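Trainee: sequence and predicted structure are below.
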Amino acid sequence: MIHRTGWSPDAPTVIRRIGSYYYVRHLGHEFACKLRARLSKERVQVAIGDRVKLDEVDEIHRTAWIVDLEPRFNLLPRPTLANVDQVVIVMAADSPAFSPLTLDRFLVLAAQSGIEAVVCINKRDKVSAERLHEMIAPYEDAGYPVVTGSAKSREVSEIWRVLENRVSVLAGPSGVGKSSLLNALKPGLALKANEVSEKLGRGRHTTTFASLYVLDGPDGEALVGDTPGYSHMEFDALAPTALGWLFPEMKPHIPHCRFPDCLHRTEPDCAVKTRAAITPDRYSSYLKFLDELIESEKRLSDTSIKVEETVKWRSAGGGADKKLVKLGMVARTDSRRVARQKLAGVSLNDFEPSDDEAELHEDDEDFTDP
Ligand SMILES: Nc1nc2c(ncn2[C@@H]2O[C@H](COP(=O)(O)OP(=O)(O)O)[C@@H](O)[C@H]2O)c(=O)[nH]1
Ligand SMILES: [Mg+2]
Ligand SMILES: [Zn+2]
């Protein structure tokens, strides 16, 4: 089920930044790198996760110059993280009680950002095998990769296998064991479990750079975002008719509904209602999100903010058409900057420059070749 298209340990990848130094993972080692003056002058912004081209690689002192950036295939905001292969949505089998609604919300959000999602159920030591199966079956049937484990019992091999040779971020509610899983995957990481406040400083003067942890395994390494910042996700503006496309088990049937703007609720000749194999829990999540979107659309039209929607059809792998929904409500994108950064095929909804990025500009002044 899990296809590996992701990051290769051979691609020099920025994993951390301290001041004007970028730490680049390259051939199993970390190189302290600076930007070539040309890049600084052009105000090219290097994000954590960027694949870079290196020059004057000094394998003894582990230093190098960054001379260019590879095109990005995505960019997550706050904190900025580039080229994320997948978001691993961690839920607990129990304590806190398993909530399909919460899981579905994370899955829809990941789909909205165009990022592949993996369902990960931790704390499987807390439930019976039957209960665990009952929990994961709907998600396996819908086509999501699903892994289970127990950080407490150090049963993390399934989880390791989805992380290996990819760049991942962990998302999920607090208390489900994200920090514990990372600790179990990398003893010595010493992340604080049970830490309640996971909010990242987003104030004007709190610069928070993401970084990527390197986890080693027998057949490779994994890069995992250290940011817990994806635990409080909210829907971006989304047209109610676009929601069904973000449910993989509904998607193939939508073109067969009688009405092109079918909401798959009470409409006649709705192919989704008659043909889609969607579980009652998943369908009730769909209805709940639909209500929220309709509600927020009402609020938006009340305050007469115009939401522009462009729906693009794009051929996805395997010949199937993939519908991409791009929303232009906060279209404050500096096209020149984006062009310079060679952003390729980004389908993120929030393109506001973050505070980190604003501060990157300030810091850039002292980046010079010696
Ligand atoms: N029983 C059990 N408890 C766990 C497991 N993983 C984490 N915990 C406990 O769950 C609590 C929250 O874990 P933490 O890693 O802080 O969750 P986070 O908020 O998602 O980072 C801690 O008390 C952990 O000891 C597990 O696999 N089984
Ligand atoms: Mg934590
Ligand atoms: Zn329908």
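Mentor: Yes, it's here. Ligands and ions are numbered 1, 2, ... in the order given.
Trainee: for Thr279, give me phi and psi.
Mentor: Backbone torsions of Thr279, given as degrees, to the nearest 10, read phi -70, psi 160.
Trainee: state the pLDDT value of it.
Mentor: What the model reports for Thr279 is a pLDDT of 95.
Trainee: get me the contact residues on the stretch 101-250 of the chain for ligand 3.
Mentor: Proximity of the stretch 101-250 of the chain to ligand 3 (Cβ under 5 Å from the ion) involves no residue at all. (Glycine included, C-beta is placed from N, CA and C.)
Trainee: low-confidence ranges in the stretch 101-250 of the chain?
Mentor: Residue ranges of the stretch 101-250 of the chain with pLDDT under 70: 187-209, 226-236.
Trainee: now the residue of it found nearest ligand 2: which helix or strand?
Mentor: Nearest to ligand 2, among the residues of the stretch 101-250 of the chain, is Ser179, at 3.3 Å (Cβ to the ion). Assigned by DSSP states H and E, Ser179 belongs to helix 178-185.
Trainee: helices or strands next to the helix or strand that that helix is followed by in the packing?
Mentor: Later in the chain than helix 178-185, the nearest helix or strand by DSSP H and E is strand 212-217. Judged by 3 or more Cβ pairs under 8 Å, 6 or more residues apart in numbering; DSSP states H and E, the packing partners of strand 212-217 are strand 13-18, helix 157-163, helix 178-185, strand 220-225.
Trainee: does ligand 3 sit close to the top helix by length along the chain?
Mentor: Using DSSP state H, we find that the single longest helix of the chain is helix 280-302. No. For helix 280-302, no contact with ligand 3 is found by Cβ under 5 Å from the ion; the gap never falls below 11.0 Å.
Trainee: now Tyr23. Nearest residue, chain neighbours left out?
Mentor: Distance criterion Cβ to Cβ, 6 or more residues apart in numbering; nearest residue to Tyr23, sequence neighbours excluded, is Arg16 at 4.2 Å.
Trainee: isn't that neighbour right up against Val214?
Mentor: No. Arg16 lies out of contact with Val214 (Cβ atoms under 8 Å); the separation is 9.7 Å.
Trainee: name the residues of this structure found near ligand 1, please.
Mentor: 122-123, 125-126, 150-152, 174-180, 193-194 (Cβ under 6 Å from any ligand atom).
Trainee: among those residues, find me the one that's closest to Val224.
Mentor: Lys178 (9.9 Å; Cβ to Cβ).
Trainee: in stretch 36-53, what's buried?
Mentor: Burial within stretch 36-53, assessed by neighbour count using 16 or more other Cβ atoms under 10 Å, is assigned to Arg36, Leu39, Ser40, Val44, Gln45, Val46, Ala47, Ile48, Gly49, Asp50, Arg51, Val52.
Trainee: what segments of the stretch 51-200 of the chain are strands?
Mentor: Taking DSSP state E, counting those that start in this stretch, the strands of the stretch 51-200 of the chain run over residues 52-58, 63-69, 75-76, 81-82, 86-92, 116-122, 146-148, 167-171.
Trainee: what about those, which gets the closest to Glu30?
Mentor: Nearest of the strands of the stretch 51-200 of the chain (Cβ to Cβ): strand 63-69, 10.4 Å.
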